[in-house]
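Student: Predicted coordinates and the sequence they were generated for:
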Number of protein chains: 2
Amino acid sequence: MEKFKKLAIIGLGLIGSSIFHAARRKQLAIELSGYDSNPDVRIRAKAIGFASIIADDVTACVKDADLVILCAPVGAYKSIAQGIAPHLAPGAILSDVGSVKGAVIRDVGPFVPAGVHFIPAHPIAGTEFSGPEAGFASLFDGRWTILTPAPGSDPAAVERLKAFWQGLGSQVDVMDASHHDLVLAITSHLPHLIAYNIVGTAHDLEQVTEGEVIKYSASGFRDFTRIAASDPTMWRDVFLNNRDAVLDVLGRFNEDLKVLQQAVSEGNGELLFDTFTRTRAIRRAIVDIGQDTAAPNFGRNKS
Amino acid sequence: MEKFKKLAIIGLGLIGSSIFHAARRKQLAIELSGYDSNPDVRIRAKAIGFASIIADDVTACVKDADLVILCAPVGAYKSIAQGIAPHLAPGAILSDVGSVKGAVIRDVGPFVPAGVHFIPAHPIAGTEFSGPEAGFASLFDGRWTILTPAPGSDPAAVERLKAFWQGLGSQVDVMDASHHDLVLAITSHLPHLIAYNIVGTAHDLEQVTEGEVIKYSASGFRDFTRIAASDPTMWRDVFLNNRDAVLDVLGRFNEDLKVLQQAVSEGNGELLFDTFTRTRAIRRAIVDIGQDTAAPNFGRNKS
């Protein structure tokens, strides 16, 4: 892959900082330029030192960059795009890492100047931690990144961004934005909504104390709390910007849950057994293709 | 702790075999006697060698045992209890590891002969794997085991069973059976039902292929598949035997989810943000008391 001259990242949280770490590991860009709207985050990012420079204003950050990646919560994209558009270099690639893609095209697309290649992207990777300290170089290793270029995008620019993500350690797929948003609604957005919800329900249950929920969490509950510890701003913006797909899969989820609820209510052991049996194969497939560990309990147990 | 002379375990799956491994580690019993109704499991258990003897009939297994622990799915308890009752030694402790306790008292209680101490128990520990090969000695280390003795149980027998579980590595709490069943309904049974359900929904969604769900599972979905890979027979029996408490907490979950659904539908970012913020504290508390790892992604990432 041809090195980028200047990689500019706006938003220095988990994903932005991890891109810097991974780009340094493989020397994918000569200059690494970062910016965050929060001055405190900029100070911390400087101290960590994953970028060549942390700019104090966003226009300096993107000036002369041939790759600009938005890593802020998607709700901030529109105003960022508006602010940086006049300062983007001709021929530059403008990309992002947002968990929704239709809304990003809607919010950013109109501001992209002619001659700049706008190629939205979404790395399917993360942890429950946030902030510049949370990033690390191997976050994307073996994971998938989805690019959603508009029809008519420059194939060379798409290939270059693809090679960049492969250089970060990721595998890359290309699909259209609306399909992305539906796929992520079921694999990511609904699981997060459900996890946030069940942790909330447990919190509010008056007959069971919070102390009990915490002590006995190893029985299943603790797994949900990890996801429900994800960044609230990021996730608020996801749900505000992928409403239709989320409501669609949530509707399916509710219908299916009603069937299970009835089976529990009626003591229909056969239906319960059949449901609980077929879900094992999906787990096995996920482990088989290397998207999760085969170790019991995600490897948390000493064995 | 005074050693048991003979520990008899009926049901040689993950929990039964782990009790044997952990009991050997600390030499908590002189003779370790196992039985499983499945002849193939008995053969495999013999080959692994975690017990002094694997009996080919259940009465031989429990004969002269001073501690008998039922480790089969709870749906099988009634017939097991009926079968072993005449063969239990006077003064023996009869216990179990079932995930529900009210139904166990209902099914087993009537068969317990006078002079035998029936003390139901539930170790809050497990993995998504099943069978005699899945067991390991450290499964209970640092976890909690809940005893639910009936009022009037012999305090010395309760203390002895408590010491046994502490010897296995566990911390021990005592509560009444109906409270146990409600606590576990929210911390364990509902999370499993939800996880089974969402994996099923993803499986059935016609616009998203199973291959896509599997590839992009690192975005949240994969966490649910681990729980949804748990033993189907065990979990069928849990839901058949803790119906009221499960339906109660499921009702709360559904009400809360309706509120979130409406917030997504109406674009109520404030409500979403507030919900997503307060759930973080519970995660922190679980990690702080050592019931989960602090490592990002449960430690699955190399960092």
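Tutor: Now that the structure is in, tell me what you want to look at.

Student: ok, for residue A:253, nearest residue in space, not its chain neighbours?
Tutor: In space, and not counting its chain neighbours, residue A:253 is closest to residue B:201: 4.8 Å by Cβ to Cβ, 6 or more residues apart in numbering or on different chains. Backbone N, C-alpha and C define where each C-beta goes, glycine included.

Student: Surely the one you found and residue A:252 touch.
Tutor: Yes. The pair residue B:201 / residue A:252 is scored as a contact, 5.1 Å apart, by Cβ atoms under 8 Å.

Student: Who has more neighbours out of these two?
Tutor: A direct count of neighbours by other Cβ atoms under 10 Å in any protein chain shown for residue B:201 and residue A:252 places residue B:201 higher, at 21 against 18.

Student: Distance check, the residue nearest the centre of chain A against chain B.
Tutor: Most central in chain A under Cα atoms, centre = their mean is residue A:99, positioned 4.9 Å from the mean C-alpha point. Computed as Cβ to the nearest Cβ, to the nearest Å, the residue A:99 to chain B distance reads 8 Å.

Student: which SS state does that residue fall under?
Tutor: The local conformation at residue A:99, judged by DSSP: H, G, I helix; E, B strand; the rest coil, is coil.

Student: Spatially nearest residue to it, not counting backbone neighbours?
Tutor: Using Cβ to Cβ, 6+ apart and skipping the chain neighbours, the partner closest in space to residue A:99 is residue A:238 (5.0 Å).

Student: residues making contact with whichever helix or strand that neighbour is part of?
Tutor: In the assignment (DSSP states H and E), residue A:238 maps to helix A:232-241. With Cβ atoms under 8 Å, 6 or more residues apart in numbering or on different chains as the test, helix A:232-241 has contacts from A:13, A:73-76, A:99-100, A:102-104, A:130, A:189, A:192-193, A:196, A:246, B:263-264, B:267, B:269, B:272-273, B:276-277, B:280.

Student: and those residues, which are buried?
Tutor: Among those, those scoring as buried are A:13, A:73-76, A:99-100, A:102-104, A:130, A:189, A:192-193, A:196, A:246, B:263-264, B:269, B:272-273, B:276, B:280 (criterion: 16 or more other Cβ atoms under 10 Å in any protein chain shown).

Student: Run through the helices of chain A in chain order.
Tutor: A:14-25, A:39-48, A:58-62, A:77-84, A:102-108, A:155-167, A:177-184, A:190-204, A:210-215, A:221-227, A:232-241, A:243-266, A:269-288 (DSSP state H).

Student: Need those helices in TSV (columns: distance to residue B:154 and mean pLDDT).
Tutor: Compiled in TSV, the helices of chain A are given as follows (distance: least, Cβ to Cβ, whole Å; pLDDT from 0 to 100):
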stretch	distance to residue B:154	mean pLDDT
helix A:14-25	55	98
helix A:39-48	60	98
helix A:58-62	73	98
helix A:77-84	67	98
helix A:102-108	65	98
helix A:155-167	65	98
helix A:177-184	57	97
helix A:190-204	35	95
helix A:210-215	26	94
helix A:221-227	33	93
helix A:232-241	51	96
helix A:243-266	36	98
helix A:269-288	35	94
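
Student: a markdown table please, covering these and showing distance to residue B:299.
Tutor: Below are the helices of chain A laid out as a markdown table (distance: least, Cβ to Cβ, whole Å):
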| stretch | distance to residue B:299 |
| --- | --- |
| helix A:14-25 | 16 |
| helix A:39-48 | 22 |
| helix A:58-62 | 34 |
| helix A:77-84 | 32 |
| helix A:102-108 | 32 |
| helix A:155-167 | 25 |
| helix A:177-184 | 25 |
| helix A:190-204 | 19 |
| helix A:210-215 | 20 |
| helix A:221-227 | 11 |
| helix A:232-241 | 22 |
| helix A:243-266 | 29 |
| helix A:269-288 | 16 |
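
Student: Domains in chain A, by residue range?
Tutor: Using automatic domain parsing, the domains assigned to chain A come out as A:4-175, A:179-267.

Student: winner for burial among those domains?
Tutor: Ranked by mean neighbour count under mean count of other Cβ atoms under 10 Å in any protein chain shown, the domains of chain A are led by domain A:179-267, which reaches a mean of 22.

Student: where's the residue nearest to residue A:253 relative to residue B:171, distance?
Tutor: As judged by Cβ to Cβ, to the nearest Å, residue B:201 and residue B:171 stand 36 Å apart.

Student: again, but for residue A:182
Tutor: Distance from residue A:182 to residue B:171, by Cβ to Cβ: 45 Å.

Student: tell me the contacts of the residue of the stretch 1-150 of chain A at minimum distance from chain B?
Tutor: For the stretch 1-150 of chain A and chain B, the shortest gap (Cβ to the nearest Cβ) falls at residue A:127, measuring 3.4 Å. Residue A:127 sits next to A:14, A:134, A:139, B:296-297, B:301 when contact means Cβ under 8 Å, 6+ apart.

Student: For it, which phi and psi angles does the backbone take?
Tutor: Backbone geometry at residue A:127, expressed as degrees, to the nearest 10, gives phi -140, psi -180.

Student: Setting aside sequence neighbours, what's the nearest residue to residue A:161?
Tutor: residue A:119 (5.2 Å).

Student: Need the per-residue pLDDT for that neighbour.
Tutor: Residue A:119 carries a pLDDT value of 98.

Student: Repeat that for residue A:303.
Tutor: Here, the pLDDT recorded for residue A:303 equals 37.

Student: With residue A:218 instead?
Tutor: In this model, residue A:218 is scored at 89, pLDDT.

Student: So it is in contact with residue B:141, correct?
Tutor: No. At 11.1 Å, residue A:218 does not count as touching residue B:141 under the criterion of Cβ under 8 Å.

Student: what's near enough to touch the residue lying closest to residue A:219 once chain neighbours are set aside?
Tutor: Of all residues not flanking residue A:219 in the chain, residue B:188 sits nearest, at 3.5 Å (Cβ to Cβ, 6+ apart). Residues near residue B:188 by Cβ under 8 Å, 6+ apart: A:216, A:219-221, B:99, B:124.
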